[in-house]
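Asks: Dropping the sequence and predicted coords here.
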Amino acid sequence: QVWLEESGGGLTQVGGSLRLSCVASGGDFRLLAMAWFRRPPGKEREFVASINTNSNTGDVADSVKDRFTISRDDANRAAYLQMSGLTPDDTAVYYCAAGRQPKRRWSHYSYTGQGIEVTVSS
(Lines give C-alpha, C1' and ligand atoms only; values in the text may rest on other atoms or scores of the structure.)
Protein backbone atom coordinates (compact mmCIF):
# COMPACT_ATOMS: atom_id res chain seq x y z
CA GLN A 1 0.00 0.00 0.00
CA VAL A 2 1.18 3.50 -0.84
CA TRP A 3 -0.12 6.70 0.66
CA LEU A 4 0.30 10.01 -1.10
CA GLU A 5 0.08 13.45 0.44
CA GLU A 6 0.07 16.65 -1.56
CA SER A 7 1.20 20.03 -0.29
CA GLY A 8 2.12 23.45 -1.62
CA GLY A 9 -1.20 24.58 -2.97
CA GLY A 10 -3.03 27.76 -2.11
CA LEU A 11 -3.98 31.13 -3.48
CA THR A 12 -1.82 33.08 -5.87
CA GLN A 13 -2.23 35.82 -8.43
CA VAL A 14 -2.05 35.75 -12.19
CA GLY A 15 1.51 35.24 -13.31
CA GLY A 16 2.51 33.71 -10.01
CA SER A 17 4.28 30.43 -9.31
CA LEU A 18 3.64 27.51 -7.04
CA ARG A 19 5.44 24.28 -6.37
CA LEU A 20 3.32 21.29 -5.47
CA SER A 21 4.87 18.42 -3.60
CA CYS A 22 3.69 14.85 -3.29
CA VAL A 23 5.30 12.70 -0.64
CA ALA A 24 4.77 8.95 -0.70
CA SER A 25 4.83 6.58 2.24
CA GLY A 26 4.81 2.81 1.99
CA GLY A 27 6.03 0.77 -0.96
CA ASP A 28 9.23 1.20 -2.94
CA PHE A 29 9.09 4.73 -4.33
CA ARG A 30 11.78 3.97 -6.90
CA LEU A 31 9.41 1.57 -8.63
CA LEU A 32 6.58 4.06 -8.94
CA ALA A 33 5.79 6.26 -11.88
CA MET A 34 4.31 9.50 -10.62
CA ALA A 35 1.74 11.83 -12.12
CA TRP A 36 -0.31 14.93 -11.52
CA PHE A 37 -3.90 15.46 -12.53
CA ARG A 38 -6.27 18.33 -11.89
CA ARG A 39 -10.00 18.96 -11.74
CA PRO A 40 -11.03 22.53 -12.53
CA PRO A 41 -14.33 23.72 -11.00
CA GLY A 42 -17.25 22.17 -12.84
CA LYS A 43 -15.05 20.21 -15.23
CA GLU A 44 -13.67 16.73 -15.64
CA ARG A 45 -10.39 15.64 -14.14
CA GLU A 46 -7.54 16.05 -16.63
CA PHE A 47 -3.98 14.88 -17.01
CA VAL A 48 -1.26 17.40 -16.21
CA ALA A 49 2.07 15.58 -16.14
CA SER A 50 3.77 12.27 -15.45
CA ILE A 51 7.29 11.06 -14.86
CA ASN A 52 8.75 7.59 -15.12
CA THR A 53 11.03 5.82 -12.71
CA ASN A 54 14.74 6.66 -12.89
CA SER A 55 13.95 9.59 -15.08
CA ASN A 56 14.19 13.32 -14.92
CA THR A 57 12.11 13.80 -18.03
CA GLY A 58 8.39 13.84 -18.03
CA ASP A 59 5.29 13.89 -20.15
CA VAL A 60 3.44 17.18 -19.81
CA ALA A 61 0.05 18.13 -21.20
CA ASP A 62 0.17 20.54 -24.10
CA SER A 63 -1.99 23.04 -22.24
CA VAL A 64 0.71 23.60 -19.62
CA LYS A 65 3.84 22.41 -21.38
CA ASP A 66 5.63 25.72 -21.44
CA ARG A 67 4.80 26.57 -17.84
CA PHE A 68 4.76 23.38 -15.75
CA THR A 69 7.60 21.00 -14.96
CA ILE A 70 7.42 17.65 -13.21
CA SER A 71 10.31 16.16 -11.29
CA ARG A 72 11.03 13.56 -8.66
CA ASP A 73 13.43 12.99 -5.79
CA ASP A 74 13.69 9.33 -4.95
CA ALA A 75 15.78 9.94 -1.85
CA ASN A 76 12.95 11.99 -0.36
CA ARG A 77 10.18 9.85 -1.84
CA ALA A 78 8.68 12.90 -3.47
CA ALA A 79 7.37 14.17 -6.77
CA TYR A 80 6.99 17.82 -7.59
CA LEU A 81 5.04 19.99 -9.96
CA GLN A 82 6.61 23.37 -10.56
CA MET A 83 4.01 25.75 -11.95
CA SER A 84 4.74 29.19 -13.30
CA GLY A 85 2.88 31.80 -15.30
CA LEU A 86 -0.32 30.77 -13.57
CA THR A 87 -3.66 31.92 -14.94
CA PRO A 88 -7.22 31.60 -13.62
CA ASP A 89 -7.62 28.60 -15.96
CA ASP A 90 -5.13 26.76 -13.74
CA THR A 91 -7.50 27.00 -10.79
CA ALA A 92 -8.30 23.42 -9.83
CA VAL A 93 -7.88 20.68 -7.30
CA TYR A 94 -4.57 19.01 -8.09
CA TYR A 95 -4.09 15.33 -7.45
CA CYS A 96 -0.97 13.25 -7.16
CA ALA A 97 -1.04 9.68 -8.49
CA ALA A 98 1.35 6.72 -8.49
CA GLY A 99 1.45 3.56 -10.53
CA ARG A 100 3.58 1.09 -12.43
CA GLN A 101 3.98 3.15 -15.61
CA PRO A 102 3.43 6.76 -16.56
CA LYS A 103 0.10 7.08 -18.33
CA ARG A 104 -2.33 9.86 -19.10
CA ARG A 105 -5.36 8.01 -17.82
CA TRP A 106 -6.42 8.49 -14.20
CA SER A 107 -7.83 4.99 -13.90
CA HIS A 108 -4.38 3.54 -14.64
CA TYR A 109 -2.98 4.65 -11.32
CA SER A 110 -3.25 2.41 -8.29
CA TYR A 111 -2.65 5.10 -5.72
CA THR A 112 -3.94 8.64 -5.55
CA GLY A 113 -3.82 11.50 -3.10
CA GLN A 114 -6.69 13.46 -1.61
CA GLY A 115 -5.98 16.50 -3.72
CA ILE A 116 -4.96 20.04 -2.96
CA GLU A 117 -6.54 23.27 -4.08
CA VAL A 118 -4.83 25.81 -6.25
CA THR A 119 -6.60 29.11 -6.83
CA VAL A 120 -5.32 31.75 -9.20
CA SER A 121 -6.99 35.10 -8.78
CA SER A 122 -7.13 37.84 -11.36
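Replies: That came through, no problem.

Asks: all contacts plus neighbour counts: C-alpha atoms, from now on.
Replies: Will do.

Asks: low-confidence ranges in this protein?
Replies: 56-57 (pLDDT under 70).

Asks: Which residue ranges of it form helices?
Replies: Shown for the chain, no helices are assigned by DSSP state H.

Asks: residues touching the residue nearest to Gly115 when sequence neighbours are not counted, list them.
Replies: Using C-alpha to C-alpha, 6 or more residues apart in numbering and skipping residues adjacent in sequence, the residue nearest Gly115 is Tyr95, 4.3 Å away. Applying C-alpha atoms under 8 Å, 6 or more residues apart in numbering, we find Tyr95 in contact with Glu6, Trp36, Phe37, Arg38, Thr112, Gly113, Gln114, Gly115, Ile116.

Asks: and if you look at Ala35?
Replies: Ala35 sits next to Val48, Ala49, Ser50, Ile51, Cys96, Ala97, Ala98, Pro102, Lys103 when contact means C-alpha under 8 Å, 6+ apart.

Asks: re earlier: the residue nearest to Gly115 and Ser122: what is the separation?
Replies: 23 Å (C-alpha to C-alpha, to the nearest Å).

Asks: center of this structure - which residue?
Replies: Centroid-nearest residue in the chain, with C-alpha atoms, centre = their mean: Trp36, separated by 2.6 Å.

Asks: distance of that residue from Ser122?
Replies: In terms of C-alpha to C-alpha, Trp36 sits 24 Å off from Ser122.

Asks: just the buried members of the contacts of Tyr95?
Replies: Neighbour counting with 16 or more other C-alpha atoms under 10 Å marks Glu6, Trp36, Phe37, Arg38, Thr112, Gly113, Gly115, Ile116 as buried within the contacts of Tyr95.

Asks: Fine, thanks again, bye for now.
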